[in-house]
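**Student:** Sequence plus the predicted model coming up.
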Amino acid sequence: MNCWIRVWEIVAIIAYLASSSAFAQQANVEAGKKEGKVVVYGSVVPQAMEGLHQAFKKKYGIDVEYWRGSSTQVSERALSEWRAGRPGFDVVEGNRGVQLIMKEEGLFAKYVPPAAEKFPAQFKERDALITPWRVLPISILYNTELVKPNEIPKTLDDLLNPKWTGKLSIPDPTRHTTTAQFLRNLEKFKGDKWLDYVKALAKQKPILVESLAPVTTTIIKGEALVGITYIKYIKQYKGPVSYVPMDKYLTDPNYMSLSGKATHMNAAKLYIDFACTPEGQKDIAEDGEFVLAPGVYPPIKDADKVAPRMVFMDNPSEEEFKKLMTGTFRDIFFGK
């Protein structure tokens, strides 16, 4: 029996590798150049994408039309256009949770960029419909001018200190999927008491903003002194802001996906592949992003120490997201 099991395991592995390789293909460069541009909906702030886009244009002569929103906003726009039969995007970039929702609705075409084949297997999807390209560790950010060194919080539990009441910021978990995902994944640290922590956090009367990027702006302006958001923003926003080194960081891998109805199909493939090349990974890392290319780190203090401490978040289903955002978290943060 064990021999048969082993045989079937080998057959399954061979079938998987064969199916994955079938989708790995070089894009048609000349066809992409003729298309002239690629339309991308993404969640990365435009200033952080500028280096990548300029390098891509320099290499291929292809323009990038980039629209930025939170991962939630990106998925809402893409889904709305798709359902109306008028998809305007060639590539969608965002966190895994919303990418899975869009994938289930059939928005994406199978494609494995050759440059991504050596990325860690743990991030890859067997159906080749979404491509990993960066990771997003979350920590506590704080205003370095308004928070004294001896008052800097060291853990998430420290945010429950009364001195932070009304002085901390998080995205609204009833509107922002990544924050809902983050709060739910606190179970990885706190077990059954994760919901007790969320309730205690709500009692701190946090300043609720629409997504993770505005948390940083709120801290820089001094409207909040601390907040929960991505580490990368200390590089991408100018101002008195730093992050708290922690033992573990809840982290979300982000993906790029090829539209099943891309107007600029070849340019889109070239774009996704370029973002996964060592050159593209270095370009985006220079602007603060944590990437999947080995040994490539953003110019952020102790960035190399962050990677081994990442704990990757699980993804609620679309139904679970709905229950959390419109039910559990709405009751906790806004009252029944």
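**Tutor:** Looks like it arrived, so ask away. Numbering: from 1, shown residues only.

**Student:** What count of nearby residues applies to the closest residue to F333 other than its chain neighbours?
**Tutor:** For F333, ignoring the flanking residues on the chain, the nearest one in space by Cβ to Cβ, 6 or more residues apart in numbering is A202 at 4.9 Å. Every C-beta, even on glycine, is put in place using the N, C-alpha and C of the backbone. A202 has 19 neighbours, counted by other Cβ atoms under 10 Å.

**Student:** Was I right to think A202 contacts D331?
**Tutor:** No: A202 lies out of contact with D331 (Cβ atoms under 8 Å); the separation is 9.6 Å.

**Student:** so how far is L208 from the residue nearest to F333?
**Tutor:** Taken as Cβ to Cβ, to the nearest Å, the spacing of A202 relative to L208 amounts to 10 Å.

**Student:** which neighbours do these two share?
**Tutor:** Listed as contacting both A202 and L208 by Cβ atoms under 8 Å, 6 or more residues apart in numbering are F333.

**Student:** for the stretch 201-336 of the chain, what spans make up the helices?
**Tutor:** All helices of the stretch 201-336 of the chain, identified by DSSP state H, counting those that start in this stretch, fall at 212-220, 233-236, 265-276, 278-285, 303-306, 318-323, 329-334.

**Student:** Could you list the buried residues of the last one?
**Tutor:** Put plainly, it is helix 329-334. Residues of helix 329-334 classed as buried under the neighbour-count rule (16 or more other Cβ atoms under 10 Å) are 329-330, 332-333.

**Student:** In contact with Y255, which residues?
**Tutor:** With contacts defined as Cβ under 8 Å, 6+ apart, the neighbours of Y255 are 93-96, 99, 125, 130-133.

**Student:** Number of residues surrounding G239?
**Tutor:** The burial count for G239: 15, using other Cβ under 10 Å.

**Student:** and the closest residue to it other than its chain neighbours, what does it touch?
**Tutor:** Beyond its immediate neighbours in the sequence, the residue positioned closest to G239 (Cβ to Cβ, 6+ apart) is I220, lying 3.4 Å away. The contact partners of I220, by Cβ under 8 Å, 6+ apart, come to 143, 237-241.

**Student:** where does this structure have low pLDDT?
**Tutor:** Scanning the chain with the threshold set as pLDDT under 70 gives 1-24, 336.

**Student:** Show me it divided up by domain.
**Tutor:** The record's domain split for the chain, according to automatic domain parsing, is 2-134+254-302, 136-251+312-334.

**Student:** Adding neighbour count as columns, could you present the contacts of Y255 in TSV?
**Tutor:** What follows is the contacts of Y255, written out as TSV (neighbours: other Cβ atoms under 10 Å):
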residue	neighbour count
E93	27
G94	29
N95	23
R96	23
Q99	29
E125	19
I130	26
T131	27
P132	21
W133	25
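
**Student:** I'd like those as TSV, with distance to Q54 and secondary structure appended.
**Tutor:** Output for the contacts of Y255, formatted as TSV (distance: Cβ to Cβ, whole Å; DSSP: H, G, I helix; E, B strand; the rest coil):
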residue	distance to Q54	secondary structure
E93	17	strand
G94	22	strand
N95	25	strand
R96	27	helix
Q99	26	helix
E125	29	coil
I130	25	coil
T131	21	strand
P132	23	strand
W133	18	strand
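
**Student:** Would you point out the most distant pair within those residues?
**Tutor:** The widest separation within the contacts of Y255, taken as Cβ to Cβ, falls between E93 and E125 and amounts to 14.8 Å.

**Student:** Relative to Q73, how far out is the closest residue to R175 other than its chain neighbours?
**Tutor:** Spatial nearest neighbour of R175, excluding adjacent residues (Cβ to Cβ, 6+ apart): E210 at 6.3 Å. Between E210 and Q73 the computed distance is 8 Å (Cβ to Cβ).
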